[in-house]
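[1] Structure, please.
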Amino acid sequence: MGELQRLDKLIAGQGSLSRSEVKKLIARGLVAVNGLPAKNGEQKVDPEQDVLLVNGKELRFRKHLYLMLNKPKGVVSAARDNRFPTVVDLVPEQLKRSGLFPAGRLDKDTEGFVLLTDDGVLAHRILSPKSHVPKSYVAVLDQPIDPLLRQRFEAGMFLDAERQCLPASVEELPDYPSQPAVLVVIREGMYHQIKRMFSACGRKVLSLKRVQIGELKLDENLISGACRELTFQELEMLQKGGS
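    Below is the predicted model:
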């Protein structure tokens with residue numbers, strides 16, 4: 001058995017409804033517990049045992065939500081912003097719930113894999129500097145790389161007099177549609193780090209896309225701007241990378 005919870009709090013925590021909106025649905029007889037109309041919002045339920053129906057649809061309890069988003073350019077990695085659309089704005093209504101935030105940031109003009117979750121513990125493990133979770137990016141450059149650039153990346157280059165990057169890897173992608181393109185793997189997330197690293201080596205990044213976090217790759221079938229829940233196996237891979 002699971003821990004008993006207030007019905008209105010449980011339902012509100014699983015979606016975009018407020019507790020007051022949940023109470024209105026209960027008053028209209030649109031919430032059922034194990035086939036019987038809910039009594040009130042204070043009714044205690046077991047999310048792991050009881051069957052809940054809201055507006056005729058079964059509510060599948062999830063303690064936390066984990067979404068893989070393929071972020072397009074022009075969208076900011078934030079829960080809310082007054083100027084630009086955010087990654088949370090892209091989440092479809094059926095997947096929205098309170099507390100969603102991006103675990104890590106991508107620049108507004110960078111696209112690719114963003115993890116959205118309401119699990120602060122996992123997000124901290126992934127983002128913690130001590131974890132050194134690898135993140136992989138495809139970068140299209142204005143000119144090809146050379147052996148000296150690769151050596152500087154692998155040695156851990158200095159971006160300024162005080163801060164040295166952790167060793168990073170860079171390899172050419174000869175079959176990538178845009179050229180010249182490289183795969184870059186870093187283990188930290190300094191401000192504009194990849195662009196600054198290439199700039200220090202005399203290269204300009206024309207486009208940048210994150211394609212992998214830890215062992216978890218961005219779903220190639222996920223179109224730009226779309227998101228989906230992680231599978232159990234994918235979540236395990238992510239948790240392994242952040243351990």
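[2] Run through the helices of this structure in chain order.
    Assigned by DSSP state H, the helices in the chain fall at 7-13, 19-27, 120-127, 147-155, 193-200, 232-241.
[3] Among those, show me which one is buried the most.
    Among those, the stretch with the highest mean neighbour count (mean count of other C-beta atoms under 10 Å) is helix 7-13, at a mean of 21. In this view, the C-beta of every residue, glycine as well, is placed from N, C-alpha and C.
[4] Residue 237: what's it in contact with?
    Applying C-beta atoms under 8 Å, 6 or more residues apart in numbering, one finds that residue 237 lies in contact with 214, 215, 216.
[5] what about 6 Å?
    215, 216 (C-beta atoms under 6 Å, 6 or more residues apart in numbering).
[6] Quickly note the distance from it to residue 115.
    Distance of residue 237 to residue 115, given as C-beta to C-beta, to the nearest Å: 12 Å.
[7] give the contact list for residue 167.
    154, 156.
[8] for it, phi and psi?
    phi -50, psi 140 (degrees, to the nearest 10).
[9] Looking at this protein, which strand is longest?
    Longest among the strand segments of the chain by residue count, using DSSP state E, is strand 205-213.
[10] That one: partners in the sheet, and parallel or antiparallel?
    Its sheet considered, strand 205-213 pairs with strand 111-117 (parallel), strand 135-141 (antiparallel), strand 216-217 (antiparallel) by DSSP bridges.
[11] Tell me where the model's unsure across this structure.
    1-2, 16, 241-243 (pLDDT under 70).
[12] Domain-wise, how is it divided?
    5-58, 66-128+219-241, 135-213 (automatic domain parsing).
[13] Just checking the distance from the first one to the centre of its chain.
    Same thing as domain 5-58. From the chain centre to the centre of domain 5-58 is a distance of 28 Å (C-alpha atoms, centre = their mean, to the nearest Å).
[14] One more: the second one?
    A distance of 2 Å separates the C-alpha centroid of domain 66-128+219-241 from that of its chain, computed with C-alpha atoms, centre = their mean.
[15] Right, I'll leave it there.
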